[in-house]
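In: pasting the structure only:
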């Protein structure tokens, strides 16, 4: 009984960790873009940091859907 509850807690923690890591990495990418543009296609200017936010939202949504599905 206790083992099942511990495994459930670990499984839930693993699912939340993925979305947190994605969020932190994309926030860091946005900060870097504002300080010094990355120079990737479509990310040449500092004002293009909003594109990273759109990518972040899409990645976060996909990760949440996958986590809830499995």
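Out: Yes, it's here. Predicted, not measured: the structure shown is a model, and the values here were computed from it.
In: how far away is residue 28 from residue 37?
Out: From residue 28 across to residue 37, the span is 15 Å (Cβ to Cβ, to the nearest Å). Heads up, the C-betas are built off the backbone N, CA and C, glycines and all.
In: Now the phi/psi pair for residue 42, please.
Out: When read as degrees, to the nearest 10, the backbone of residue 42 gives phi 90, psi -10.
In: OK, contacts around it?
Out: Residue 42 is in contact with 48, 51, counting by Cβ atoms under 8 Å, 6 or more residues apart in numbering.
In: How about residue 49?
Out: So residue 49 contacts 30, 33, 34 (Cβ under 8 Å, 6+ apart).
In: so which strand or helix has the most centrally placed residue in the chain?
Out: When the chain is reduced to its mean C-alpha position, the nearest residue by Cα atoms, centre = their mean turns out to be residue 22, at 2.1 Å. Secondary structure assigned from DSSP states H and E places residue 22 in helix 2-35.
In: Quick one: mean pLDDT over that helix.
Out: On average, the pLDDT along helix 2-35 is 69.
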